[in-house]
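Colleague: The amino acid sequence is not available; the structure is as follows:
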Ligand SMILES: Nc1ncnc2c1ncn2[C@@H]1O[C@H](COP(=O)(O)OP(=O)(O)OP(=O)(O)O)[C@@H](O)[C@H]1O
């Protein structure tokens, strides 16, 4: 079935159920809508961007308490308290994000956990907030203006908000920013090298999900009519994560699925378990945990991807005709070297990986960097791409010193790279992966994407990406998941992604590894064509046939030092190179 048809049928069913079902079920549906709202934020944050948050319920609590205090203590209208709720939840997410995103790995998750716990105890211990009893008498939203009051209107409102947020998140994920968000999980280094400020982007999405949770908190307080700390504690945060993971942490609609299954199952278990076990207790939590483990054992990515197989979504063909995103960069002085390393040394503790290395790359040439394993090639590559800073020495690009200026700066200057270990978002299409390379050519942000104001820009970025996909010979794979392609083809995706940046200098780390003979020939031809187009290329490569027939000059490294440099013919006959590296291959 087509995606839109499925969506419209389910939405019609949902609103019909809200209109006609008995009050108890409408109430359950309202809860599912509220939980979906928080869980979908976690899908974006944890499932897609890979940032685990155990503090999401705390944002719900901040908004719920804010509106409770403003409407009960100060007698303000709930509509007036809404901006304050959003401001407070957004601001706290920003502060927490600014602190915790400097951390990495489990420290980040622990940071959000500490935040969730801290806020829970503050809510419970501050007398003005009603302690553990909470604040009663929170007014209902004045929805009776529309129709004689009924909980059904609340359920409609909650679902209208939830569906709007879900659609907004879907749009964001299909945009330039969305591609950058997806890249966060696969490799921050990769995202940075295409100009993405990963720190700021993580804060942006954390604030966005904090706002969404705040919206849920405001709706919750006025739906229930009172607030107390229990629904905003760490357990609730874990349950939201459960929902996102069970539904399918990378799937936006999975949040609804997860929220629905867990809410309904928990209610059913709370009714049934005391009868079966003959005693009451929190056994539903134990059973839910076991169910989650069993489901994830069978379907690691949650339930949504299993169901998605039955839903057909036809990818939109990118427009044709646009192949270049911006006028060609001003060409650097052709007489001066484009890239120059002078006396570069990089030490790792006591180990000198690169020692006093000097070489230059001329404009419009293909320069190969070769040497035995451990010679220091990758370290040199990382020094040029600013992944590493030199211990001493200088790296200059077009006369400008670039070492230590950060990976994003490299992208801005027109240097693009591929990776030794392919770094792609494997479950996204070839086209989407390549389009990440166009990140710096767009300007539109999260709000534009959510409101679909970015469509012109998007068409340009996707068309340019599609042109590069065709250029590297992957036109027939345009809409296939990048991870489903052979390694050689994945390397070509990386080349296309680098090309869409419109580079002046292309840095390729073992581009021929994993390619079959014919593919290597095609790649060599492509690189020669690029050279004709004025693109300079530095490549690290082990495949000597490939290198010798392609490059203009070679730099040979051994034990971190430059052993020799010159044209392929000279290098082939250089006795020290033959001894150290080429061996039989020179013959
Ligand atoms: N992050 C690091 N920490 C410590 N030592 C490192 C690090 N990166 C590289 N080295 C060491 O520096 C030396 C040069 O490694 P490098 O990866 O640059 O060599 P290479 O020529 O690229 O080798 P290969 O062809 O096997 O990729 C090696 O001895 C390696 O163990």
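Modeller: Received the coordinates, thanks. Here the structure is a predicted model, which is why all the values come from computation and not from measurement. Numbers count the residues shown, from 1 in each chain.

Colleague: Buried by neighbour count: which residues of the helix or strand hosting residue 167 qualify?
Modeller: Secondary-structure assignment from DSSP states H and E places residue 167 in helix 151-173. The neighbour-count check on helix 151-173 (16 or more other CB atoms under 10 Å) flags 151-159, 161-163, 165-166, 168-173 as buried. Any C-beta I mention is one placed from the backbone N, CA and C, and that applies to glycine too.

Colleague: what's the answer for stretch 444-464, then?
Modeller: 444-446, 448-450, 454, 457-458, 460-464.

Colleague: Counting by contacts, list what the helix holding residue 167 packs against.
Modeller: For helix 151-173, the packing partners by 3 or more CB pairs under 8 Å, 6 or more residues apart in numbering; DSSP states H and E come out as helix 3-20, helix 23-42, helix 176-186, helix 198-224, helix 254-277, helix 446-450.

Colleague: For the ones you listed, please prepare CSV with the additional fields distance to residue 49 and mean pLDDT.
Modeller: CSV is the format used below for the helices and strands packed on helix 151-173 (distance: least, CB to CB, whole Å; pLDDT from 0 to 100):
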stretch, distance to residue 49, mean pLDDT
helix 3-20, 23, 90
helix 23-42, 10, 94
helix 176-186, 5, 93
helix 198-224, 6, 95
helix 254-277, 14, 91
helix 446-450, 12, 94
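
Colleague: possible to save these as TSV with distance to residue 493?
Modeller: Shown next, in TSV, are the helices and strands packed on helix 151-173 (distance: least, CB to CB, whole Å):
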stretch	distance to residue 493
helix 3-20	25
helix 23-42	29
helix 176-186	12
helix 198-224	21
helix 254-277	26
helix 446-450	23
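
Colleague: So which of those is nearest residue 422?
Modeller: helix 176-186 (9.9 Å; CB to CB).

Colleague: and the angle for that closest one with helix 198-224?
Modeller: With axes from the mean of the first three to the mean of the last three CA atoms, to 10 degrees defining the directions, helix 176-186 sits at 100 degrees from helix 198-224.

Colleague: CSV for the helices and strands packed on helix 151-173, including distance to the ligand?
Modeller: Listed next are those as CSV, based on distance: least, CB to the nearest ligand atom, whole Å:
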stretch, distance to the ligand
helix 3-20, 44
helix 23-42, 33
helix 176-186, 20
helix 198-224, 20
helix 254-277, 37
helix 446-450, 35
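
Colleague: Relative to residue 363, which of those helices is closest?
Modeller: helix 176-186 (30.5 Å).

Colleague: Helix or strand next in line after that closest one, which one?
Modeller: helix 188-193.

Colleague: ok so, going back, for the ligand, state which of the buried residues of stretch 444-464 is nearest.
Modeller: Closest approach between these and the ligand, by CB to the nearest ligand atom: residue 464, at 32.0 Å.

Colleague: Spit out the contact partners of residue 394.
Modeller: 340, 341, 342, 343, 344, 401, 403 (CB atoms under 8 Å, 6 or more residues apart in numbering).

Colleague: The last one is in contact with residue 388, isn't it?
Modeller: No: counting by CB atoms under 8 Å, no contact exists between residue 403 and residue 388, whose distance comes to 9.1 Å.

Colleague: Run a quick neighbour tally on residue 401.
Modeller: Residues lying near residue 401 (other CB atoms under 10 Å) number 12.

Colleague: how about the nearest residue to it, chain neighbours excluded?
Modeller: Residue nearest to residue 401 in three dimensions, not counting chain neighbours: residue 394, with 5.8 Å by CB to CB, 6 or more residues apart in numbering.

Colleague: Ok, residue 241 next?
Modeller: Using CB to CB, 6+ apart, the nearest residue to residue 241 is residue 42, at 6.0 Å.

Colleague: So which bits of the chain are right by the ligand?
Modeller: 348, 351, 353, 371, 373, 374, 375, 376, 377, 378, 379 (CB under 6 Å from any ligand atom).

Colleague: Is the fifth one part of a helix or strand, or is it coil?
Modeller: This points to residue 373. Secondary structure assignment for residue 373 (DSSP: H, G, I helix; E, B strand; the rest coil): coil.

Colleague: do the same with the third one
Modeller: For residue 353, the reduced secondary structure class is strand; criterion used: three-state DSSP.

Colleague: Setting the sequence-adjacent residues aside, check what's closest to it.
Modeller: The shortest distance from residue 353 to any residue other than its chain neighbours is 4.3 Å, reached at residue 379 (CB to CB, 6+ apart).

Colleague: wait, the one you found sits on residue 345?
Modeller: No: between residue 379 and residue 345 there is no contact under CB under 8 Å: 10.3 Å.

Colleague: For those two, indicate the residue with more neighbours.
Modeller: Shown here are residue 379 and residue 345; by other CB under 10 Å, residue 379 has more neighbours (21 against 17).

Colleague: Report pLDDT for residue 113.
Modeller: On the pLDDT scale, residue 113 is placed at 89.

Colleague: For it, give its distance to the ligand.
Modeller: 30 Å (CB to the nearest ligand atom, to the nearest Å).

Colleague: ok, and that residue, which helix or strand is that part of?
Modeller: Assigned by DSSP H and E, residue 113 falls in helix 106-125.

Colleague: unless I'm mixing things up, residue 495 is touching residue 508, no?
Modeller: Yes: assessed by CB under 8 Å, residue 495 is found in contact with residue 508 at 7.1 Å.

Colleague: if we can go back for a sec, taking the contacts of residue 394 together, which two end up most distant?
Modeller: 343 and 401 (13.0 Å).

Colleague: just to revisit the earlier point, separate out the buried members of the residues of the chain next to the ligand.
Modeller: 353, 371, 375, 376, 377, 378, 379.

Colleague: so the last one is in which element?
Modeller: This points to residue 379. helix 377-384.

Colleague: before we move on, back to that, buried only: go through the contacts of residue 394 for me.
Modeller: Applying 16+ other CB under 10 Å to the contacts of residue 394 flags 340, 341, 344, 403 as buried.

Colleague: follow-up on the earlier one: what touches both of residue 379 and residue 345?
Modeller: residue 354.

Colleague: what bridges to the residue nearest to residue 401?
Modeller: Listed by DSSP bridges, the beta-bridge partners for residue 394 are residue 342.

Colleague: got the contact list for residue 412?
Modeller: Residue 412 touches 195, 440, counting by CB under 8 Å, 6+ apart.

Colleague: Go again with 10 Å.
Modeller: Going by CB atoms under 10 Å, 6 or more residues apart in numbering, residue 412 touches 195, 405, 406, 440, 501.

Colleague: what would those look like in CSV with neighbour count, secondary structure and pLDDT?
Modeller: What follows is the contacts of residue 412, written out as CSV (neighbours: other CB atoms under 10 Å; DSSP: H, G, I helix; E, B strand; the rest coil; pLDDT from 0 to 100):
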residue, neighbour count, secondary structure, pLDDT
195, 21, coil, 94
405, 16, coil, 88
406, 14, coil, 87
440, 18, helix, 93
501, 26, coil, 93
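
Colleague: With respect to the ligand, which of those residues is nearest?
Modeller: residue 406 (17.9 Å).

Colleague: wait, isn't the closest one in contact with residue 386?
Modeller: Yes: if you go by CB atoms under 10 Å, residue 406 and residue 386 touch, sitting 5.8 Å apart.

Colleague: any residues in contact with both of these two?
Modeller: Residues within reach of residue 406 and of residue 386 at once, by CB under 10 Å, 6+ apart, are residue 192.
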